[in-house]
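[1] turn this into a model:
(2 chains)
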Protein chains: 2
Amino acid sequence: MAVVLEVDSVDDPRIDDFRDLKAADRRPDRPGGKGLVIAEGTVVVRRMLDSPFRPHALLGVDKRWQDLAPELAAVEVPFYRASAEVMAEVVGFHLNRGVLAVAHRPPERDFDEVVADATTVAVLEGVNDHENLGSMFRNAAGLGVDAILFGDRCADPLYRRSVRVSMGHALRVPFARVPDWPGGLGLLRRRGFQVVALTPDPMAPTLATALTGDRVALLLGAEGPGLTEEAMTAADVGARIPMSAGTDSLNVATAAAMAFYERVRAS
Amino acid sequence: MAVVLEVDSVDDPRIDDFRDLKAADRRPDRPGGKGLVIAEGTVVVRRMLDSPFRPHALLGVDKRWQDLAPELAAVEVPFYRASAEVMAEVVGFHLNRGVLAVAHRPPERDFDEVVADATTVAVLEGVNDHENLGSMFRNAAGLGVDAILFGDRCADPLYRRSVRVSMGHALRVPFARVPDWPGGLGLLRRRGFQVVALTPDPMAPTLATALTGDRVALLLGAEGPGLTEEAMTAADVGARIPMSAGTDSLNVATAAAMAFYERVRAS
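    As a prediction, the model looks like this:
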């Protein structure tokens, strides 16, 4: 069961993993830094406790210790209890969610293992915005997508902001890097996936008619630039969302959600 | 054609409408304050210029004056040109989009006029988050929703943050207040709208089967609390998005987008 340890000083070295979360070159939750994974707020901390990511420490105010007591009863982990003022000074900003948990970053998962039993996967290229990536994981979890695969130039799904916007689902929806980009899309095709590229092209078939495979890989590019020519060419088919003329494309996570929804709509 | 007027001093009274945009009790773009409408960044300013909202002034750096020259050639409006430093001090934060436009808030539009020719409308209750509201307008514009109607306790669609997140579509998608809540839903029914309440209820029919009307009003509550019992009862039918067990509901703007998509999916 979790134990409470009091923290009175902002210099306490036991809470170094939570220090300077917003100072760009010292952030502990960057792959180039300590590579830690940080969960923020009770909802996300609960989801971390119920994920393969095992926190090795928590930092929070007394109220959050009370809120999390039922879940923490089953876990061996120190809960560093501090005032809101001490927390703010340690992390570098006022954290109104009042609790953080930190875990080590596990080794990346293997592509083959992640896609083995999947029937719907999202494959991302150039999705380099942490919030969009977080929303993508939240939508994937809600709409039954089995895995998220990363092509070139994507943001880090385990960065604090991605994890928070995902409501913690970045810790639960399996993800892996596609070996070789975009050539690796052939690996999906050989496993029986229909590779469908979302496109604004008005001549492309709609999502409703294009998604015919038992296994589908939905290929998504960043808002604005979209997919590269190379990725587009590597797909089996393009598919469009029926959009009104004269509008921007939808946010990439919202566009993805339409495609995810199309896969579950009749269930 | 727009004229450029140089601003060298942060105290210049000609730019008072852009002052202190983040100081809560003095913000000029609140209904209780000056009730102005502020567009931020070239994309949104362009959309304001192409909307019923006619800006009476712009404030921006020289680069943005150059970017907007083609659109501004057709408009009689002063462009107050300032350095990024002067702008930052006037608005109260560093504005990396570099340009603002300000318009007066027009009288609210009439419910009857807004719904007259609509076939799909969204009706919101308790959607009190400016960013969710902005996303809702962006999704409505992209997916062909004709109007957004406000029941009780919604945020202001013309607040700067709503307008920005909507990509300016809050200035273009018609909206109106429902007279009397939730009783006013009867007005929609009498005009032939099927009133469909989005619900997480697993016993409700799916969106795919529930949306049968030629005219549909999609009733949406806030993330978390959802619709009130009263609003739910006033609907003709509930409809659910097929969701995975054990996840949170989707973000309200994303959930709305699924329903909007369902209305256009075969088009």
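
[2] checking the closest residue to A:R160 other than its chain neighbours next. Helix, strand or coil?
    Leaving aside its chain neighbours, A:R160 sits nearest to A:I38 (4.6 Å; criterion: C-beta to C-beta, 6 or more residues apart in numbering or on different chains). C-beta: built from backbone N, CA, C; applies to glycine. Three-state call for A:I38 (DSSP: H, G, I helix; E, B strand; the rest coil): strand.

[3] wait, A:I38 touches A:A101, no?
    Yes - A:I38 lies in contact with A:A101 (C-beta atoms under 8 Å); the separation is 7.2 Å.

[4] let me see the ranges of the helices in chain A.
    Counting by DSSP state H, chain A has helices at residues A:42-49, A:62-72, A:84-91, A:111-115, A:130-142, A:160-165, A:185-190, A:207-210, A:229-234, A:252-264.

[5] among A:I38 and A:A101, which residue is more densely surrounded?
    Just comparing A:I38 and A:A101: by other C-beta atoms under 10 Å in any protein chain shown the higher neighbour count belongs to A:A101, 29 against 26.

[6] for the stretch 101-250 of chain A, give me the ranges with low pLDDT.
    Along the stretch 101-250 of chain A, the parts satisfying pLDDT under 70 run over A:246-247.

[7] contact residues of it facing chain B?
    Residues of the stretch 101-250 of chain A found near chain B (C-beta under 8 Å from any C-beta of the partner chain) are A:135, A:138-139, A:141-144, A:167, A:169, A:206-208, A:241-244, A:247-250.

[8] buried among those? Make that a ChimeraX selection.
    Buried residues among these (16 or more other C-beta atoms under 10 Å in any protein chain shown), as a ChimeraX selection:
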select /A:135,138,139,141,142,143,144,167,169,206,207,208,241,242,243,247,248,249,250
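
[9] what sits against the residue nearest the centre of chain A?
    Computing the C-alpha centroid of chain A and ranking residues by C-alpha atoms, centre = their mean puts A:A170 first, at 3.2 Å. Counting by C-beta atoms under 8 Å, 6 or more residues apart in numbering or on different chains, A:A170 touches A:133-134, A:137, A:157-158, A:162-163.

[10] now do it against chain B, distance only.
    Shown here: A:A170 relative to chain B, a distance of 13 Å by C-beta to the nearest C-beta, to the nearest Å.

[11] how about A:V102?
    Look at A:V102 and chain B: by C-beta to the nearest C-beta, they are 23 Å apart.

[12] for A:F193, same thing?
    From A:F193 to chain B the distance is 20 Å (C-beta to the nearest C-beta).

[13] can you check A:D180 too?
    31 Å.

[14] and for that residue, the neighbour number?
    Other residues within reach of A:D180, judged by other C-beta under 10 Å, total 11.

[15] for A:T228, which non-adjacent residue is closest in space?
    A:E125 (6.5 Å).

[16] for the closest residue to A:L185 other than its chain neighbours, give me its contacts.
    Counting by C-beta to C-beta, 6+ apart, A:L185 lies nearest to A:A234, which is 4.5 Å off, once chain neighbours are set aside. Applying C-beta under 8 Å, 6+ apart to A:A234 gives the contacts A:182-183, A:185-186, A:195.

[17] let me know the closest of those to chain B.
    Among the contacts of A:A234, A:V195 lies closest to chain B (C-beta to the nearest C-beta), at 21.3 Å.

[18] can you name the residues bridging to the closest one?
    Note on A:V195: beta-bridge partners by DSSP bridges are A:A217.

[19] show me what contacts A:E262?
    A:E262 makes contact with A:207-208, A:211, B:265 under the criterion C-beta under 8 Å, 6+ apart.

[20] from A:T119, how far off is it?
    According to C-beta to C-beta, to the nearest Å, A:E262 stands 13 Å off from A:T119.

[21] now A:N128
    A:N128 sits 27 Å away from A:T119 when distances are taken as C-beta to C-beta.

[22] how about A:A155?
    Computed as C-beta to C-beta, the A:A155 to A:T119 distance reads 26 Å.

[23] what's the answer for A:M1, then?
    On the measure of C-beta to C-beta, A:M1 and A:T119 end up 39 Å apart.

[24] same check on A:V86?
    Separation of A:V86 from A:T119 (C-beta to C-beta) stands at 48 Å.

[25] neighbour count winner among those two?
    Higher neighbour count among A:V86 and A:T119: A:V86, with 19 against 16, using other C-beta under 10 Å.
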